[in-house]
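J.: sequence and predicted model, in that order:
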Amino acid sequence: MDIRAKKSLGQNFLKDESVLQRIASSFDVTRNDLIIEIGPGMGALTKFLVQKPSDLLCYEIDERLKNTLLPFQKENVQIIFDDFLKRDIQSDLHKDYQNIYVIANIPYYITTPIIEHIMESNLPINGMTLLVQKEVASRFSAKPKTKDYGYFTVFLQHFFTVQVLFDVAPQAFTPPPKVTSSVVQLIRKTDIVCLDELKFFEFLKQAFAQKRKTLKNNLKMYDWNKILQVLNKYGLSENARAEELSYEAFVAIFRCL
Ligand code: SAH
């Protein structure tokens, strides 16, 4: 069946079988696990994921793909035709899983909202393998003092170890996107720092609010003297900007406030 790709839905269908296979096999799963796929499209990745022993839960917004995707449905494979961002993922699950993984070639126009929605679901996600725009992958895995380092980098680092696995050229898709893509893997840390996450992320957002400004400017609502003491411990001056601080330094500052 011929489906015209909708740009507005970020439809770039991956056709490179070896790339698909590498993505699908990026996590070893058992029958007590669940894989979540967002945007299965024509099922290019899905056909590999259904071969795994785990359950599979897919979310696809485009109902034109029903004829293509519904044949994949079976006892341990569920396909929901809806906007992933509007779903309460917890209530879509019918049992408790040992491990939950997200493996997906997601629509690029909502990469960050998808990850935020997953994190807000409070599900114990063990890992994610995502195909994203290369520049987005660089942001996810950026080191301090680089242009790509920002709020989202530190947010992800709180939960995950982030690794870019490999790049994927535009020709691997139909239609080819304008940008190079990368497969990025997020693996849940076993020692996630225990803190008030909502407050911590609020604090991080403030710290990065205006990138060109110093921390002192961005964090006016907090006790600057306490912050300065921690900055000094990390070898930073009072003119430091958020982009110079490691994840550990942010945690140390947050904890002293
Ligand atoms: N994974 C497929 C398709 C990638 S294209 C492949 O590798 O070939 C992105 C897919 O995400 C499209 O099928 C598109 O319809 C779907 N999509 C876009 N927005 C979505 C949303 N909000 N919720 C669920 N699926 C969405």
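T.: Right, received. Where do you want to start? Numbers count the residues shown, from 1 in each chain.
J.: who in this protein is up against the ligand?
T.: Contact residues, the chain versus the ligand (Cβ under 6 Å from any ligand atom): 9-14, 38-42, 44-45, 59-62, 83-85, 105, 107, 110. Heads up, the C-betas are built off the backbone N, CA and C, glycines and all.
J.: did I read that right, Val162 in a strand?
T.: Yes: read with DSSP: H, G, I helix; E, B strand; the rest coil, Val162 is one of the residues of a strand.
J.: need the nearest residue in space to it, chain neighbours excluded.
T.: Nearest residue to Val162 in three dimensions, chain neighbours excluded: Ser141, at 4.6 Å (Cβ to Cβ, 6 or more residues apart in numbering).
J.: what about that neighbour, how many residues close to it?
T.: 20 (other Cβ atoms under 10 Å).
J.: same thing with Thr153?
T.: 22.
J.: and it, how far from Phe160?
T.: 11 Å (Cβ to Cβ, to the nearest Å).
J.: and what of Ser26?
T.: As judged by Cβ to Cβ, Ser26 and Phe160 stand 14 Å apart.
J.: tell me where the stretch 1-150 of the chain has helices.
T.: 17-24, 46-49, 66-69, 89-92, 111-120, 134-140 (DSSP state H, counting those that start in this stretch).
J.: pipe those into CSV and attach mean pLDDT per row.
T.: Below are the helices of the stretch 1-150 of the chain laid out as CSV (pLDDT from 0 to 100):
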stretch, mean pLDDT
helix 17-24, 98
helix 46-49, 98
helix 66-69, 98
helix 89-92, 98
helix 111-120, 97
helix 134-140, 97
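J.: dump these to JSON lines, plus mean neighbour count.
T.: Below are those laid out as JSON lines (neighbours: other Cβ atoms under 10 Å):
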{"stretch": "helix 17-24", "mean neighbour count": "17"}
{"stretch": "helix 46-49", "mean neighbour count": "20"}
{"stretch": "helix 66-69", "mean neighbour count": "15"}
{"stretch": "helix 89-92", "mean neighbour count": "12"}
{"stretch": "helix 111-120", "mean neighbour count": "17"}
{"stretch": "helix 134-140", "mean neighbour count": "20"}
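J.: so for Phe254, which of those sits nearest?
T.: Across the helices of the stretch 1-150 of the chain, the minimum distance to Phe254, taken as Cβ to Cβ, is reached by helix 111-120, at 17.9 Å.
J.: name the residues that touch that closest one?
T.: 36, 38, 84-85, 89, 102, 106-107, 125, 128, 130, 132-133, 136, 152, 156, 159 (Cβ atoms under 8 Å, 6 or more residues apart in numbering).
J.: from the ligand, how far off is the closest residue to Val136 other than its chain neighbours?
T.: Excluding the flanking residues, the one nearest Val136 by Cβ to Cβ, 6+ apart is Thr111, at 5.5 Å. To the ligand, Thr111 is 11 Å away according to Cβ to the nearest ligand atom, to the nearest Å.
J.: of Ser26 and Phe160, who's got more company?
T.: More neighbours surround Phe160 than the other of Ser26 and Phe160, with 22 against 17 (other Cβ under 10 Å).
J.: tell me the contacts of the nearest residue to the more buried one once chain neighbours are set aside?
T.: Distances taken as Cβ to Cβ, 6+ apart place Leu186 nearest to Phe160, at 3.9 Å, with adjacent residues excluded. Leu186 sits next to Gly127, Met128, Thr129, Leu130, Phe140, Leu156, Phe159, Phe160, Thr161, Val162 when contact means Cβ under 8 Å, 6+ apart.
J.: what about Leu186, which SS state?
T.: Leu186 ends up strand, using three-state DSSP.
J.: so what's it scoring on pLDDT?
T.: Per-residue pLDDT puts Leu186 at 98.
J.: for beta bridges, what are the partners of it?
T.: Per DSSP bridges, the residues bridged to Leu186 are Met128, Val162.
J.: end to end, how far does stretch 61-75 reach?
T.: Across stretch 61-75, the terminal residues are separated by 21 Å (Cα to Cα, to the nearest Å).
J.: also stretch 225-240?
T.: End to end - Cα to Cα - stretch 225-240 spans 14 Å.
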